[in-house]
Structure formats: C-alpha cells, structure tokens
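> Any chance you can model this:
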Amino acid sequence: MPAPAPIPRGPSITTLYTAADLLTGPGCPVCRYTGEVSARYLAWFAVEAHAQPDTITRLCASLGPCPRHTRGLMSQPGAAPRLTAVYRYIIETAREYLSGRAARPAPCPTCEHDNGAASRALDTLLEGLADGSVRARYRELGSLCLPHMRAAVARGGRHSIAWLSQTLTATLQSQPAHPGWLTGTDIDADVRAALRQAASAGMRRDSAACLACLAAGRSEGGQLPQILRASNAGQPDHRLLLCGTHLNDLAILAGPHRLLPLLAWQADCLAADPARLPASSLGRKLGSPGNWLRPFRRSADPEACTICLQKRAAAQQALDGFRSLLRAAQPAPGGPVPLCVRHLLRLRAADPWAGRLTAHSAVVHAEALVAELSEAFRKNTWAYRNESSGAERTAWRRAAVFLNGEVFCGCLPRTT
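Numbering: from 1, shown residues only. This is a model prediction of the structure:
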C-alpha cells in the first residue's frame, strides 16, 4: 500500500510573488490573502504545531493567544483535547508570572503572523500598481476595504493612493448593492455578536468573572447602539472613528440595508477631523475617498477608535475601583480575586502592594487549573479513555478565561 503523505514541517505558504497573485477574485485583495494565510496557519496549528516546543514556548510567552484567535482555536474540530494539553503549559507559565516573575506578556503569535501577511500583501500590491495590467485587473475586481485602505495610506506614495481612492469611488458607484467588503473580512464578528447578546442576557455572570473585562464588555455593548444612532442622524464627528474590528461589529448591528450609509457616514467622520481641511458632504455622494483619505494616516492606529479607547477606560476604572476596595478593606491574603491574569498583572504593575495581596489566591487558582488540566489530559489518553469525566472536561475553557476574560466578553464559559 502507498505510504500516507507526510505532515508538513511548517504551515503551507500561499504563493505571493507579484501583485497578480493577489488579484484572483472580487473584493479586497489583502483581506483575501490574509484570510487564506491565517486559515492555513490555524490548520497547521491543529495538525501539528500545537505539539511543537517552539509553538508552546511562544504561546507561553504571550500567555495564550488573543481573545479573537482563542475563539478561533476553540471552534476547530478536536479542540478540547488539543487545548487541554496546550493550556496546561500556559497556565504553569502564568503561575510563574503571578508568583513574582516580573515580565510583560509577548504579543499574540497568530496576530503577529496575520499582521505580517497583511503587511506583505499591501507592499506587494502597492509595488505592482506601477504595472498597467495590474491596475486594470485591480479596477476590474474592486478595491481595498476601508481598514486596509487606511494602512495603505500610511505606506503608499501620493500617486498610488490617489489612484486607489479614485478606484474605490468608482467601485462604490458601480456596485452600491454589495459594499460588504468595505468593512474588511472578520470571521469572528458573528461570534462576538452572539457572545455580546448572551452576555447582555446574563450568561454565567457571577463573582468569578473578571471585573475589568466585564466592564469593558458592557462599555463596548453599550457604545455600539449609541454610535449607530449617531450614524442615523448623519452628523459627522471625528471622535466616532472606528477601527476595523468595531466597524464590523457596527455593520452587523446595522444590517445590510443600512451598511452603505453607515460606511459613507464613517467617511464623513474622517473628513470632519478639525486638524484637516473640511470636505464636502460625503454621505450624499456615497463617499469621496479622494477627499477623506488624508485623515486615514492618523486614524490607521486602532488606538484612535473611540470604542477601543472607552472600552480600555472602563476596564481601567473597574481595576482602579477594585484596588481602592482593597486599600479600604485591607483584607487578609488568600481571598478570591475577580480578575483575569492579564488584569492581575496590570494591577501588580500599578500597585505592588495590591499585587502581593492578590498573588496567593491567583496562584492557588492556577495550581487548581493545572491539576484539572492534567487530569483531563490523562483521561484523554487511550489507556484511561473509559474513565468517566467530571468538571475537568471544561478546564480548558476556564483556563482561557482565567488568562483573559475578554474571550467570552467578560462572562464565564458554559459548563457543558
């Protein structure tokens, strides 16, 4: 019998030599390329990388992936036994962080991979626009989405950006019924919307949830309808600029019939930046990118998103409130700590006394999770597969929330 195909020693690579490799279908070419590369990277993680020492080392250094990629890994087939093994190592590292090793977690490895792919695609596209055939193919297929157009402005030349803006205007006018690509590809947006709805209905919201992450989730959920109402009024406000993630969240809330006016209103908000020359009303003209591309250079940073800023402020306010309670009550060490690891580390950085007070309880919690993960891992092996499962079967989900409470929008995961 023929031997099975060997497992590759690394993630399969999406070919990218010239801009023509990006222009293979309608919509944003950078979104398409980044989505393909990201999907292959996550598939490689599921097949092999989750057991490789260098992958585990990077995940431990970052204390696990970001909430978006955590949800992506959780949705993969066979995630439970795979992430049980992975989180056992990560929680052990978190225990070391909490017990006194001062260090700042590294960025999410998957985010670094995806950002590198998007940067590579943008550079390749911008270089390729010098070719007339590439420009013709690009014009035929569509344009960059709004988030990647912002990124292109930050690195492209004046003539390239002017041509891209003209193409975007032409695409809006010729295909006004299908503007969905303008928000950028975000397969996690529907998951976030479902979690936000469940959180508002009180999904597992109790004293064990992270106070700061819960406050951030509430702030985010409350701001989205407010900004949607502001967009219905049609008055541009540069303080209401959104990053790509929250633009997708708002697009789902708005629905398909309100999407194009919403995007045009966001363009008006960009043009309303008081640091720039005023532009004519873009909402009446389905947007005029040639007029509003200049503000993109400042707004390309996700920190400029009003929801991101207020969400972070809400989390910080909750963290400050918890620290004030600790100072006022002077509790004995060892009590329960309603904060995830990331906010515990932030608390320790801001107030070493509060960090020392909460460290013991957090370390005990981490040790309990390690024990549960080890037991779940043992029962996942062939020799012990027939043993009945207990609470340890959900330890991998609770480990993810213990590390970062934003995985389930500030709430606890289901117990089944």
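
> Averaged pLDDT, the longest helix seen in the chain. What do you get?
With residue count as the measure and DSSP state H as the assignment, the chain has helix 352-380 as its longest helix. Along helix 352-380, the predicted local confidence has a mean pLDDT of 92.

> May I see the buried residues of it?
By neighbour count on 16 or more other CB atoms under 10 Å, the buried set for helix 352-380 is 354-355, 357-363, 365-366, 369-370, 372-377, 379-380. No exception for glycine: its C-beta is placed from N, CA and C like everyone else's.

> Repeat that for stretch 17-32.
With burial defined by 16+ other CB under 10 Å, the residues of stretch 17-32 counted as buried are 19, 21-23, 27-32.

> Among these, pick out the one closest to Thr394, please.
Relative to Thr394, the closest of these is Cys31; by CB to CB it sits at 34.2 Å.

> can you give me phi and psi for that closest one?
The phi and psi values for Cys31, taken as degrees, to the nearest 10, are phi -60, psi -40.

> quick revisit: return the member of the buried residues of stretch 17-32 nearest to Ile187.
Ile187 has its nearest neighbour among the buried residues of stretch 17-32 in Cys31, at 10.5 Å by CB to CB.

> re the thing from before, from the contact counts, what lies against the longest helix of the chain?
When contacts are defined as 3 or more CB pairs under 8 Å, 6 or more residues apart in numbering; DSSP states H and E, helix 352-380 packs onto helix 79-98, helix 306-329, helix 341-350, helix 395-403.

> now the angle from that helix to helix 395-403?
Computed by axes from the mean of the first three to the mean of the last three CA atoms, to 10 degrees, the angle separating helix 352-380 from helix 395-403 equals 170 degrees.

> Got the domain ranges for the protein?
Residue ranges for the domains of the chain, per automatic domain parsing: 48-107+331-408, 180-306.

> Now tell me which of the ones you listed the model trusts least on average.
Within those, the stretch with the lowest mean pLDDT is domain 180-306, showing a mean of 73.

> Endpoint to endpoint, it covers what distance?
Taking CA to CA, to the nearest Å as the measure, domain 180-306 stretches 22 Å from start to finish.

> So which residues make contact with stretch 188-202?
Taking CB atoms under 8 Å, 6 or more residues apart in numbering as the criterion, the residues outside stretch 188-202 that touch it are 68, 71-72, 75, 203, 205, 217-218, 220-221, 245, 248-249, 251-253, 408-411.

> residues in contact with stretch 214-234?
If you take CB under 8 Å, 6+ apart as the criterion, stretch 214-234 is touched by 196, 199-200, 205, 237, 240, 242, 246, 249-250, 253-254, 258, 261-262, 265-266, 268, 283, 306-307, 310-315, 317-318, 405-406, 409-411.

> before we move on, which element is Pro225 in?
Under DSSP states H and E, the secondary-structure element containing Pro225 is helix 211-233.

> For that helix, what is the distance to the chain centroid?
Its chain's C-alpha centre lies 17 Å from the corresponding centre of helix 211-233 when counted by CA atoms, centre = their mean, to the nearest Å.

> do stretch 81-92 as well
Centroid separation between stretch 81-92 and its chain, computed with CA atoms, centre = their mean, is 21 Å.

> So the residue nearest the centre of the chain: helix, strand or coil?
Central residue of the chain (CA atoms, centre = their mean): Arg68, 4.3 Å from the mean position. Put simply, Arg68 is helix when judged by DSSP: H, G, I helix; E, B strand; the rest coil.

> give the contact list for it.
Here Arg68 is in contact with 188, 245 (criterion: CB under 8 Å, 6+ apart).

> where's it relative to Leu182, distance?
Distance, Arg68 to Leu182, using CB to CB, to the nearest Å: 20 Å.

> again with Ile227
Counting by CB to CB, the gap from Ile227 to Leu182 is 17 Å.

> So which of those two has more stuff around it?
Neighbour tally, Ile227 and Leu182, criterion other CB atoms under 10 Å: the higher count belongs to Leu182, 28 against 23.

> I'd say the more buried one and Leu263 touch.
Yes. Between Leu182 and Leu263 there is a contact under CB atoms under 8 Å: 5.2 Å.

> Can you get me a residue count around Leu228?
There are 18 residues near Leu228, going by other CB under 10 Å.

> actually Phe408, not the one I typed
Residues lying near Phe408 (other CB under 10 Å) number 26.

> phi, psi of it?
Reported as degrees, to the nearest 10, the phi and psi values for Phe408 are phi -120, psi 40.

> secondary structure element for Val337?
Element membership of Val337 [criterion: DSSP H and E] is none; it lies in no helix or strand.

> distance of it from Gly64?
Counting by CB to CB, the separation of Val337 from Gly64 is 18 Å.

> more neighbours, the two?
Neighbours per residue, other CB under 10 Å: of Val337 and Gly64, the larger number sits with Gly64, 29 against 25.

> my read: that one touches Arg88, true?
No. Contact criterion CB under 8 Å: Gly64 and Arg88 do not qualify, at 11.8 Å.

> what comes into contact with stretch 377-387?
81, 84-85, 88, 389, 392.

> how about a cut-off of 10 Å?
By CB atoms under 10 Å, 6 or more residues apart in numbering, the residues outside stretch 377-387 that reach it are 80-82, 84-85, 87-88, 375, 388-390, 392-393, 395-396.

> List buried residues within these.
Among the contacts of stretch 377-387, those classed as buried by 16+ other CB under 10 Å are 80, 82, 84-85, 87-88, 375, 392-393, 395-396.
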